[in-house]
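[1] With the sequence up front, the predicted model follows.
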Amino acid sequence: MKGRILMNQLTFSDIEYSNRKKKTKREEFLDAMEEIIPWSYWVEMIRPYYFANKRGRKPIGIETMLRMYLMQIWFNLSDEGIEDSIYDSYAMRSFMHIDFHEQQVPDATTLLKFRHMLESNKLGEKIFADVNSRLDKAGLMMHGGTIVDASLIAAPKSTKNQEGKRDPEMHQTKKGNEWYFGMKVHAGVDAGSGYVHTITGTSANMHDVTETANLIREDDEVVYGDSGYLGAVNQPAIKGDEKKSEIEFRVNKRPSSLRMADDFKGFNWDKKMEHEKSAVRCKVEHPFLIVKKQMGYSKVIYRGIAKNMHRFHMLFASANLIMCSRAGRTKDFIGCTV
């Protein structure tokens, strides 16, 4: 009984940290995610697929593993790296809700098995869909317009592996005067709010315009895109669809096709119209900024598009949560029920 009372008391480390004058950015970020994530619902979503040992040691709690996995993708750490970081960082340890009197940090192998379980059951897609469903029901996801864009994600070019080959699902492509090897992530972003509602993945050599039809929602009336989507309206999947063929495509023209000041007199309406399109289209860059810069996932770490797409579903779901929290709409998000 005495031992149990001591375990629930504040440790010397807790008392020391409570007297600090400011929180670190990492703590503020983790506190925001702690508040906005529907933990109980996500745990119940994973439970049917989780390991249920009838013999031997009791399995580690689902929420503990989920918190560890989320921090791994948020801070772009390896399995061993996140394990060591939790031991080192008070903020991460607090987010994990771990008391070293009662349990230790799950090891790298346990996290590996948990990640494989999520990937094999496509739980990343389900979590991404749950976040979007909550945004929609809270009235935060607008409808009627979509911004489409794609981003290159580099892959290792080295052939120093067991097979002696590059990843067969990744390909090279030329952008400007440089060659890139890897994959592309295509995103459909809500034009009104900036939240990502659809993502797909292809090899890098696939043209942006080929995935346009997969990024459009049924109720979209207008689509924005850069000059890479100029031929979208002529795509068979769009041209042959009764609803999608009626969508208005507001795509930026190539700079070389714009009229120069010497070609006409008066106000440059072409430049004005392109500026108006870009003012809306720029919203698509924000979630990519969070995923590639803040979370550091600008280069794939898994072989195969499927594994990387599972991670991208989790990353873009997290990006939507971050944007919702920064907008001060956390209460609206957590107040809705699925």
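    That came through fine.

[2] Ile147: what secondary structure?
    The three-state label given to Ile147 by DSSP: H, G, I helix; E, B strand; the rest coil is strand.

[3] distance between the ends of stretch 41-53?
    In terms of C-alpha to C-alpha, to the nearest Å, the two terminal residues of stretch 41-53 are separated by 22 Å.

[4] and that stretch, how far out from the chain's middle?
    When distances are taken as C-alpha atoms, centre = their mean, to the nearest Å, stretch 41-53 is centred 22 Å away from the chain's centroid.

[5] likewise stretch 331-338?
    In terms of C-alpha atoms, centre = their mean, the centre of stretch 331-338 is found 20 Å from the chain centre.

[6] now do stretch 119-126
    Computed by C-alpha atoms, centre = their mean, the separation of stretch 119-126 from the middle of its chain amounts to 14 Å.

[7] For that stretch, list every residue counted as buried.
    Within stretch 119-126, the residues that qualify as buried by neighbour count (16 or more other C-beta atoms under 10 Å) are Glu119, Asn121, Leu123, Gly124, Lys126. Yep, even glycine has a C-beta here, placed from its N, CA and C like the rest.

[8] what packs against the helix or strand hosting Gly81?
    The secondary structure element spanning Gly81 is helix 79-88 (assigned by DSSP states H and E). Secondary structure elements in contact with helix 79-88, counted by 3 or more C-beta pairs under 8 Å, 6 or more residues apart in numbering; DSSP states H and E, are helix 62-74, helix 90-96, helix 108-120.

[9] Quick one, which of those gets closest to Ile153.
    Distances from Ile153 to each of the helices and strands packed on helix 79-88 were compared using C-beta to C-beta; the shortest belongs to helix 62-74, at 14.2 Å.

[10] Domains in the protein, by residue range?
    Structural domains annotated on the chain: 2-120, 124-335, as defined by automatic domain parsing.

[11] what's the most buried one of those?
    Here the criterion is mean neighbour count by mean count of other C-beta atoms under 10 Å, and of these the winner is domain 124-335, at a mean of 17.

[12] chain center to it: distance?
    Here the centre of mass of C-alpha atoms in domain 124-335, compared against the chain's by C-alpha atoms, centre = their mean, lies 12 Å away.

[13] same question, stretch 46-57
    Per C-alpha atoms, centre = their mean, the displacement of stretch 46-57 from the mean C-alpha position of its chain is 28 Å.

[14] mean confidence for it?
    This predicted structure assigns stretch 46-57 an average pLDDT of 82.

[15] Select from the helices and strands packed on helix 79-88 the stretch with the lowest mean pLDDT.
    Mean pLDDT, when computed for each of those, is lowest for helix 90-96, at a mean of 91.

[16] and that one, what other elements does it pack with?
    By 3+ C-beta pairs under 8 Å, 6+ apart, helix 90-96 packs against helix 25-36, helix 62-74, helix 79-88.

[17] re earlier: compile the buried residues of stretch 119-126 into TSV and extend it with columns for distance to Lys23.
    Supplementary listing: these in TSV, determined by distance: C-beta to C-beta, whole Å:
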residue	distance to Lys23
Glu119	34
Asn121	36
Leu123	31
Gly124	30
Lys126	32
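
[18] Of these, which is the nearest to Tyr224?
    Tyr224 lies nearest to Gly124 out of the buried residues of stretch 119-126, by C-beta to C-beta, at 26.6 Å.

[19] Distance of the closest one relative to Met71?
    Computed as C-beta to C-beta, to the nearest Å, the Gly124 to Met71 distance reads 16 Å.

[20] Ok, Gly231 next?
    As defined by C-beta to C-beta, Gly231 lies at a distance of 42 Å from Met71.

[21] For the spatially closest residue to Leu215 that is not a sequence neighbour, what is the enclosing helix or strand?
    On the basis of C-beta to C-beta, 6 or more residues apart in numbering, the spatially nearest residue to Leu215 that is not a chain neighbour turns out to be Gly188, at 3.3 Å. Under DSSP H and E, the secondary-structure element containing Gly188 is strand 178-190.

[22] what does Gln172 give?
    Under the criterion of DSSP H and E, Gln172 resides in strand 171-175.

[23] Keeping just the C-alphas, turn that strand into CSV.
    Once non-C-alpha atoms are left out, strand 171-175 reads as follows in CSV (Å, rounded to 0.1, in the frame of the first residue of the first chain):
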residue,chain,number,x,y,z
HIS,A,171,11.6,6.2,-60.2
GLN,A,172,13.5,9.2,-61.4
THR,A,173,12.2,12.3,-63.0
LYS,A,174,13.5,15.7,-64.2
LYS,A,175,12.3,18.9,-62.6
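
[24] Show me what that strand is packed against.
    strand 178-190.

[25] follow-up on the earlier one: can you flag the weakest of the domains of the chain by average pLDDT?
    Looking at the domains of the chain, the bottom one is domain 2-120 with a mean of 86.
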